[in-house]
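Enquirer: sequence? don't have it. structure:
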């Protein structure tokens, strides 16, 4: 089944988020509407301060919207769900240094009361899927940054989620490791048919990974554009990035973000 014809897994309808009350109220998200289909990878980009992290908090149930609805398979999402997992940017803060890798990854299973007899093979299988089959007995501080982020991804995957949300997951990693983890994300997404929503500041990363790229405006955030990325399933770091379609989509996104930044600067200068 083509991804764009697959069922909608997660949807946002007219989602608005404001902080404060009365004259002190500030709207961060303004009527965001977005559908993410089963097995689809959607990247969200936008200028700094556009509200991307607030958007992730709303769509994962960590924060209720002020108005509008978030739905998982058509049912309203009123809180966090076992079917949604989140990977944070700061892997070093999300892993517990005093626990082994195996115990870090098993935490979500233990929290749900999964039996030890089931937990150990699930953890082993998930670590193997992210290329870390032999590090279960080590501690996070014994691993490189890239390996620690693989552990964080494994912990998000061990519960076999239907939706994987990633908040700038590769921002703190060197360029070569970043490329390796991008390819890992694509492989996992294909193998598990999981819906992925990934927020990034890196436009090239967004185009390389995504089936669709959502471009946010700023003050407050709205969906400025949604761009299809028709680059196929099999992508590689060299040839895909040289594809003229890749270049054209990247240029389009950069122009949209630049327009937003210039408009924001003009509004500030006249206020």
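Expert: Sure thing, it's come through. Since this is a predicted model, take the numbers as computed values, not measurements. Numbering: from 1, shown residues only.
Enquirer: any residues touching the worst-scoring helix or strand of the chain on mean pLDDT, and which ones?
Expert: Using mean pLDDT, DSSP states H and E, helix 91-94 stands out as the lowest-scoring helix or strand of the chain, at a mean of 79. Residues outside helix 91-94 that contact it (Cβ atoms under 8 Å, 6 or more residues apart in numbering) are 88, 140, 145, 148-149, 151-152, 169, 172. Every C-beta, even on glycine, is put in place using the N, C-alpha and C of the backbone.
Enquirer: Strands of the stretch 51-200 of the chain, residue ranges please.
Expert: Secondary structure of the stretch 51-200 of the chain (DSSP state E, counting those that start in this stretch): strands at 67-72, 75-76, 84-87, 163-167, 195-199.
Enquirer: which one of those strands has the most crowded surroundings?
Expert: Counting by mean count of other Cβ atoms under 10 Å, strand 195-199 has the highest mean neighbour count of the strands of the stretch 51-200 of the chain, with a mean of 25.
Enquirer: Now do the residue nearest to residue 7 when sequence neighbours are not counted against residue 160, distance only.
Expert: Leaving aside its chain neighbours, residue 7 sits nearest to residue 38 (5.2 Å; criterion: Cβ to Cβ, 6 or more residues apart in numbering). Remark: distance between residue 38 and residue 160 (Cβ to Cβ, to the nearest Å) = 14 Å.
Enquirer: Specify which residues of the stretch 151-271 of the chain, grouped into ranges, have pLDDT under the cut-off.
Expert: For the stretch 151-271 of the chain, the stretches flagged by pLDDT under 70 are 265, 267-268, 271.
Enquirer: quick one, helices of the stretch 151-271 of the chain?
Expert: Using DSSP state H, counting those that start in this stretch, the helices of the stretch 151-271 of the chain run over 175-192, 203-209, 239-242, 244-270.
Enquirer: got these as CSV, with distance to residue 124 and mean neighbour count columns?
Expert: Putting those into CSV (distance: least, Cβ to Cβ, whole Å; neighbours: other Cβ atoms under 10 Å) gives the following:
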stretch, distance to residue 124, mean neighbour count
helix 175-192, 16, 16
helix 203-209, 27, 23
helix 239-242, 32, 13
helix 244-270, 37, 14
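Enquirer: In JSON lines, list those along with distance to residue 33.
Expert: Output for the helices of the stretch 151-271 of the chain, formatted as JSON lines (distance: least, Cβ to Cβ, whole Å):
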{"stretch": "helix 175-192", "distance to residue 33": "23"}
{"stretch": "helix 203-209", "distance to residue 33": "19"}
{"stretch": "helix 239-242", "distance to residue 33": "29"}
{"stretch": "helix 244-270", "distance to residue 33": "18"}
